[in-house]
Every structure is written in C-alpha cells, then in structure tokens.
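Visitor: My questions are about this predicted structure, shown below with the sequence.
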Amino acid sequence: MQTSKSQQLPKVGPFRYIFGHNPRWNGLSGVESVLRLFILLLFAAFFVMPLVWLLIAPTRLWRDMYDLTKSPLEIGSFANYIVAWNNIAEFGKGLMVTWTVNSIWYTLTCVFLSVAVSIPTGYVLATMKFKGRKLVMWLTLITMILPGSAMVLPLFLEMNLLRLINNPWSVILPSAFAPFGVYLSYVYYSVSIPRDLLAAGKVDGCSEWQLFWHVGLPLGRTIIATLAFLTFNGAWNNYFLPFVMLNHKETYNLPLGIASLMNATAGSPTFLRELPINEPEKALGGLFMIIPVMVIFLFAQKYVVQGLAAGAVKE
Amino acid sequence: MAVQTPAISSTTGVRRRQFRVNPAYIFLLPYSVAMLMFSLGPAIYSLLLTFATFKASKPQFFQAGFKNIETAFKDPYLLPAFGNVLRYLVVSVPFGLVFVVLLALLLHARPNRFSLAMRTIYFLPGAVTGPALVMLFIFTFNPDLSVFRPILYGVGLTDIKQVINNDTAPVIFTIMGFFGGAGGWIAVFYGALQGVSEELIEAAVMDGCNPIQLAWLIKRPLIGRYIAFMLINVLAGNVQLFAEPQLMSSVTASISSLWSPNLVGYNWAFGLGNFGASAVVSVLMMVIGIVCAYAVIRATNFYSTDSSAT
C-alpha cells in the first residue's frame, strides 16, 4: 500500500476541505463538485441510515415502530435497551449469554490455530528449499479457491464418522484451516525477509526454528495481524458450517443464535406474539454480533484493506 | 515443535548432526494434516460420493454410475436455482462494479479528509454479515419499519411481500451484498489510485484533461488488475449464496426455500437424505471455484512471486 497522499496536501480550513478548490487537484468545475458531493452523500446515507436505525431500534417499543404516524428514526427511551436486554437474556434461560461466550471462544481458538499453522508454513515455503515445495504451493492455491460451501457436506460426513457432530471442534478445526493465510505470508516473506540475515544466522548455528522465532515472527507482525483479522471475521460470522454441525441450542454461536431469535416469532401474527422477542430485542441481538467486528474494522481498516487486496498484489 | 533453545548464542556454533529430517517438513506437518482433513480429503470424498449409493447409511462407492448426476439434473429445483443465481449475478456484478469504481474515483477526485471520512463510512457496514445482515434488511425492506419508509411508500410499496419475493430476490440480494461488500472494495481501489503520481495528474490537467478523461484515461488503467480480481471474487462468492435466501425464506416465507443451488444441495442431504445428489452440487461448486481460480492466476500472475524465492 502506498502512503496516504492526503498527508502531503496543504493545510486548509474544514470548509475548503469539503467545498474548496484545491489547486493541486483541480479539474472539477463548481457544478461537478456539487454533483460529486451529492452522490457521495447519497451513498453515505444508504450505508449509514440502516445502521443508525438499528442502534435506535432497542430504545423503542415494538408497537411504536409499526406506528406510521411516528418517524422511523424516532428515539425512544434508553431504558428500553435494558428492557430489551432482559427479554433476550431470559430467552431460553440465558441462551444469549451462552451464544456470546461460545462465539468468543470458537473465534479466538480459530484465530490462534490458523495463525499458528499458516504463518510458519508461509515462512517455510518462502525461505527453505525442499522436495515437494511446488506441490504444496499448488495445493495451497487449489484449496484456497475451493469454495467453503462445497466442503460442508463431506465435512459433515467426516465429522459424523469422527463422532464430532454437535461438538464445537467440528466447526473450529475446519474454519482454522487457512490456505489464504499461507499464501499471504508466503508472498510477504518471499519479499521482505533479508536472506543474508538468515544465511548469517545459519552460519552462527541457529536452528531453523530459532531463525523463525527470532527473525521471521517479529518481521511478520503485519501479516499476522491481517490474517488474524481475516480469520476473526470469518469465524465470528460463520453460519453455514455451524448450521449443519451444531444442532443443540447450547452449542450455537451468535450467528446461529441470531437466526433462531429471528425465527422465534417468525410467522406469528403481531397480535399473537407470546415471547417478548420483538423488533427491539432482535435488533439488540444483531448489535451483539455486529459491534465487535465494527470496532475492529474502525481500528484495523488498514489490515482489512490489505487482506482484501493481497490476492491482487504481487510486487 | 519442541526445539526451544533460549536466545541465539551466536559464537558457539554447535551443530547437531543426528538423524536430520529437513526441518521444513516438521514446520509443514500441521498444515499438511489440516489440508488433508479439512479440504483435499473432503473434496475427494465429494467426488467419490457423486458416484456412490448408500446402503444402511454406508456409502457403496462406484455403485451409482451416473445415477446421482441424472437425479440432480432431472430435479425440478436445481436448474431453476442456478437460473436464480445467474439472474442475481447479472444484476449484482455490473451494479457492484459500476458503483464501486464510480465511488472510488469520486473520492479520489479530491483526496482529502472528507473523502477519507466517506471511505470509512462506506466501509463500516462490512461488519454486518450473515444473519445480522439478513435481519437488518428484513427490517429495512419492511415498508412499515424501514428507515427508508417515505421512499418505499412513495413508490407504492406498502407490504413486505411486495418488496421481498422470488422475482425481486436478485435485486434484494444485490442491495444487501453492496451494502456489506462495497466499502471494502472501494477502499482497495482508493488505495490503488493513490499510486497515481501527482505530477502526472497535474500535467494532465494542465494539458486540458477534464475530470472524466482523467478518470478514464489515467486512473482506470491503474486499477484494472484490482477490478479483475474483484470481479472474480464477487462471481465466485455470489454463486455460493446460502445464508441470505435460507434466512429470508425461513423468516419471511416470501422467498423459495430452494432458491440457490446450495439450498437445493442442503435439502437433498439433510431433508431427503440423498447424499449422492447433494455431492453433485458440491462438485459443481468446486468446478465453478476452480474455473475462477484459473481466472485468478491469469489475472494476477500468482506464480510471478515464485521467482523471488530460491
């Protein structure tokens, strides 16, 4: 990634930043500037408004939400957040807490395993010579592209043989396999590792393991962060695989939990709702799933973008 | 991985020369096992299942011939499901591509703090995926609840079934996919555009290049490779649609529960117990994946990196 050019732009006031005519980037006429701004803000509204609605939803009462005389963005009372929380917390005797705890431990284990396996593998492919290296790289490329959804059925049969159905490991282990992480770290190490340093280390009697531990690992911090983020995102949001593997509500992760919250009152006409699981409760459940990822997105934007672009970058 | 000598002792130079396996293989062991168990193994197993029958829930390999494939293609739901996904691709790919490139170019037309703020705003919905995304859009597409209620009512949509149904599904999933996925790609393109040198742009502007020419002639070629990469990714990802139609259908009952090929495959295996036919869908998904992989290699020169590692 190139360094941000905005850091080099001349300092101007906030108004000129938005509307002003920066001479170094001119080429837009006044009308074009306004049109540009209009389009950008229009899309900003599309991206932001549903999220704002979701944040507001738990403050309202569900009957009010269907009241067409009230604005869809009317803010209710923040005390309703607590009411909604109590309602979800009661749902299935504290299932929501179980799902959250499950999600956290499934995800963290998955991140740890995928980093622990992929980073050394990428390092080895980039720095060592051995028979079969090409084969491993080809297989990495192939497995990287094999779609996860195509693996669900055979994995189910395999886990069934291993008697791991309804066991969290049936979800954690397959999700921790990260050929893309191997590819990322392979590309990274083949560009960035100083070969002379490795050679010098070997002459001085360092084992390969020590070289990896003292040179490779510290150098690979960025790539570890990128991979950790990608795995986190995938594991936290994993739905299809757990949907097939986990049938007991106590073993659900948050995505499965949210789905069952949504189904809890699905189809029942609004006047017949028995469970206190309505729009505010569902919205709050959704926020449980979204907010941790969003916080990471805010602070790790760089890594996310790197991860997305990595497949296209060669250098 | 047990060799844990404390720090590097640089001068002693002790070399152990007992049975030395190339340490590379020890490093590679966990990865190879995982690859066999969770990816290659299952892939080969699906291939085998495609030609297997089941007796007392034990697979009888090579007993089915082409029967499963025949069952799959004669099924009244599989081909329509592929048709649905195709309609979805026809809508989502051009729509996504046009607006992602447009927004990236517009942001980059004046790269300042406002543009960076917008980029972050476009990016944040990427955190919303799977069931959370479906839930958010079941609310957003319900005219009574929607934050866009005035617009939906304005165009005469007053009932959720008018908005979400089998005919509108490709558009619905396109909007959802764009909401969750566009920001990441916009940020990628924006980053790539920052590789354009300022001098080049200044010179072009001096020579009378208008902003559209600037975008098309100078900036677009620089992001061409990223565009190809995005296209392939979106294509490969969208074919696999599962969570969105599955949840939409179970919660709103207005979309077919066999809308996408993965749903049909799931239903064969777990609804009807026909693992053989279900494996056919898995294999089809793999074939599509591998075709896309080939396109990735062509578009990004995967192996050009290899020359640097000797």
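Guide: Right, received. Where do you want to start?
Visitor: a helix runs through A:I82, doesn't it?
Guide: Yes: using DSSP: H, G, I helix; E, B strand; the rest coil, the secondary structure at A:I82 is a helix.
Visitor: separation between it and A:W62?
Guide: 15 Å (CB to CB, to the nearest Å). To be clear about C-beta, it is placed using only N, CA and C from the backbone, and glycine gets the same treatment.
Visitor: out of those two, which sits in the more crowded spot?
Guide: Taking neighbours as other CB atoms under 10 Å in any protein chain shown, A:I82 and A:W62 compare with A:W62 leading, 20 against 11.
Visitor: Could you report the neighbour count for A:W99?
Guide: By other CB under 10 Å, the residues close to A:W99 number 26.
Visitor: Need the three-state assignment for it.
Guide: Taking three-state DSSP, the label given to A:W99 is helix.
Visitor: what's the neighbour count on B:L214?
Guide: Burial of B:L214 is recorded as 21 neighbouring residues (other CB under 10 Å).
Visitor: Quick one: classify it as helix, strand or coil.
Guide: B:L214 ends up helix, using three-state DSSP.
Visitor: So it is in contact with B:I201, correct?
Guide: Yes: B:L214 is within contact range of B:I201, at 6.7 Å (criterion: CB atoms under 8 Å).
Visitor: Quick check: mean pLDDT of stretch A:90-109?
Guide: Stretch A:90-109 shows a mean pLDDT of 92.
Visitor: same question, stretch A:139-154
Guide: 87.
Visitor: which of the residues in the strand or helix carrying A:W53 are buried?
Guide: Using DSSP states H and E, A:W53 falls within helix A:30-56. Of all the residues in helix A:30-56, those buried under the rule 16 or more other CB atoms under 10 Å in any protein chain shown are A:33, A:36-37, A:40, A:43, A:46-47, A:49-51, A:53-54, A:56.
Visitor: Which single one of those is nearest to A:A228?
Guide: A:L51 (24.8 Å; CB to CB).
Visitor: so does the helix or strand where A:M289 lies get close to chain B?
Guide: For A:M289, the element it lies in under DSSP H and E is helix A:279-299. Yes: Helix A:279-299 is in contact with chain B by CB under 8 Å from any CB of the partner chain, via A:279, A:282-283, A:285-286, A:289-290, A:293-294, A:296-298.
Visitor: average pLDDT across that helix?
Guide: 91.
Visitor: Let me know how buried residue 147 is, in neighbour terms.
Guide: Chain wasn't specified; assuming chain A. When neighbours are counted by other CB under 10 Å, A:P147 registers 19.
Visitor: my bad, chain B
Guide: Residues near B:V147, counting by other CB under 10 Å, number 23.
Visitor: Tell me who's in contact with it.
Guide: A:49-50, A:52-53, A:72-73, B:140 (CB atoms under 8 Å, 6 or more residues apart in numbering or on different chains).
Visitor: cool, B:A127 as well?
Guide: B:A127 neighbours (CB under 8 Å, 6+ apart): A:290, A:293-294, A:296-297.
Visitor: Check which element follows the longest helix along chain B along the chain.
Guide: Counting by DSSP state H, the longest helix found in chain B is helix B:78-109. Using DSSP H and E, the helix or strand that follows helix B:78-109 in sequence is helix B:113-123.
Visitor: what packs against that following helix?
Guide: helix A:14-18, helix A:30-56, helix A:301-310, helix B:78-109, helix B:169-193 (3 or more CB pairs under 8 Å, 6 or more residues apart in numbering or on different chains; DSSP states H and E).
Visitor: switch to 6 Å and redo it
Guide: helix A:14-18, helix A:30-56, helix B:169-193 (3 or more CB pairs under 6 Å, 6 or more residues apart in numbering or on different chains; DSSP states H and E).
Visitor: With A:V111 as the reference, measure out to A:S118.
Guide: Distance from A:S118 to A:V111, by CB to CB: 11 Å.
Visitor: shared neighbours of these two, anything?
Guide: Counting by CB atoms under 6 Å, 6 or more residues apart in numbering or on different chains, A:S118 and A:V111 have no contacts in common.
Visitor: Quick one: end-to-end distance for stretch A:235-252.
Guide: End-to-end distance for stretch A:235-252: 13 Å, by CA to CA, to the nearest Å.
Visitor: which residues of chain B score low on pLDDT?
Guide: For chain B, the stretches flagged by pLDDT under 70 are B:1-19, B:56, B:296-297, B:299-310.
Visitor: Within the helices and strands, which one has the residue nearest the centre of it?
Guide: The centre of chain B sits closest to B:G237, judged by CA atoms, centre = their mean, with a distance of 2.7 Å. Per DSSP H and E, B:G237 falls inside helix B:220-239.
Visitor: just to revisit the earlier point, following the helix holding A:W53, which helix or strand shows up next?
Guide: helix A:62-65.
Visitor: tell me the mean pLDDT for that next one?
Guide: pLDDT averaged over helix A:62-65 gives 87.
Visitor: ok, back up a step: from the contacts of B:A127, which is closest to A:N263?
Guide: The closest of the contacts of B:A127, once distances to A:N263 are taken by CB to CB, is A:I290, at 18.9 Å.
Visitor: could you list every residue that touches the closest one?
Guide: Per CB under 6 Å, 6+ apart, neighbours of A:I290: B:127-128, B:132.
Visitor: Sort out for me which of those are in helices.
Guide: Using DSSP H, the contacts of A:I290 in helices are B:A132.
Visitor: For the stretch 151-300 of chain A, what lies in contact range of chain B?
Guide: For the stretch 151-300 of chain A, the contact set with chain B under CB under 6 Å from any CB of the partner chain comprises A:151, A:153-155, A:174, A:177, A:187, A:190, A:204-210, A:214, A:237, A:239-240, A:255, A:258-259, A:262-263, A:266, A:286, A:289-290, A:293-294, A:297.
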